[in-house]
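Colleague: What follows is a predicted structure for the sequence shown.
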Amino acid sequence: MKKIIFGTLLIAASFCNLSMYRDPTLGIIDQYDIKLAEEMGPSLSSAIGDESPWAVYSEWQCFSTEDIRLQTIKYCRPEGCDSATDYDVPSVGVELAGHYHQFDYDFESSDETQEILSEWQSLIQNQKGICLYAALLPTFIANTGDPTVSLWTLFNMKTKSGVWRENYIPYLKEENDEGPVSNIDPRAAPK
């Protein structure tokens, strides 16, 4: 009887341990996404010839869609805030384990901010997870003064339903005799 109880407890403990396994990619990122992150050069860097050169690389980070907030963030010029020059950028906010991550996409005119937010909303609709491809801004570039806040430049995002802007991911493009071809299956064997 003791052997049966012990065996049952051992199986139950093993099952609990297996159910606690968490895939950090949430099943969204695959080998091609990882290869992209490994092979890409710096995403952001100092100007050529800068006395204090720096560079940062993008990385994939995945979150539950329940933990993110799509929002707009007001950007001010380095000289200070002024309603004539301030502009809004689309952003993804993530509060997790006492830390706030802000992923800003500052590459298009503010006229497109609402369209971008709408595209993001469509991408995450009915999804449980999202992965963001972004570069952490060095604190000497953007310092919030709060060590529990990190600022990121967002380049792309992916869910199980797709990639936000496939044309921004190099491995999804292939050259042929007629020029670039996009939306190919990166897993397909080369011709």
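Modeller: Okay, I see it.
Colleague: any weak-confidence spans in the chain?
Modeller: Residues of the chain that meet the criterion pLDDT under 70 lie in 1-22, 166-191.
Colleague: which stretches of it form helices?
Modeller: Taking DSSP state H, the helices of the chain run over residues 2-19, 31-39, 113-124.
Colleague: Quick check: the gap between the spatially most central residue of the chain and E108.
Modeller: What sits nearest the mean C-alpha location of the chain, by C-alpha atoms, centre = their mean, is L132, with 1.1 Å. In this view, L132 and E108 are 17 Å apart by C-beta to C-beta, to the nearest Å. C-beta coordinates here come from the backbone N, C-alpha and C atoms, glycine included.
Colleague: Ok, I29 next?
Modeller: Counting by C-beta to C-beta, the separation of I29 from E108 is 25 Å.
Colleague: ok, now which ones touch the nearest residue to S45 once chain neighbours are set aside?
Modeller: Leaving aside its chain neighbours, S45 sits nearest to A55 (4.0 Å; criterion: C-beta to C-beta, 6 or more residues apart in numbering). With contact set as C-beta atoms under 8 Å, 6 or more residues apart in numbering, A55 has these partners: P42, L44, S45, S46.
Colleague: swap in Y133?
Modeller: Y133 neighbours (C-beta under 8 Å, 6+ apart): D33, L36, A37, S58, E59, W60, L154, F155, N156, M157, K158.
Colleague: Excluding covalently adjacent residues, which one is nearest to it?
Modeller: Using C-beta to C-beta, 6+ apart, the closest residue to Y133 is N156 (4.4 Å).
Colleague: Settle this for me: that neighbour is touching A135, isn't it.
Modeller: No. Contact between N156 and A135 fails when scored by C-beta atoms under 8 Å: they sit 11.3 Å apart.
Colleague: Give the burial count for S64, as a bare number.
Modeller: Neighbours of S64 under the rule other C-beta atoms under 10 Å: 13.
Colleague: Now it. Nearest residue, chain neighbours left out?
Modeller: G129 (5.9 Å).
Colleague: quick one: that neighbour from G162, how far?
Modeller: G129 is 13 Å from G162, by C-beta to C-beta.
Colleague: which of those two has more neighbours?
Modeller: Set G129 next to G162 and count neighbours by other C-beta under 10 Å: G129 wins out with 21 against 11.
Colleague: need the contact list for that one.
Modeller: Counting by C-beta under 8 Å, 6+ apart, G129 touches L26, G27, I28, C62, F63, S64, T65, T159, K160.
Colleague: next one: I34
Modeller: Contacts of I34 were listed using C-beta under 8 Å, 6+ apart, and they are W60.
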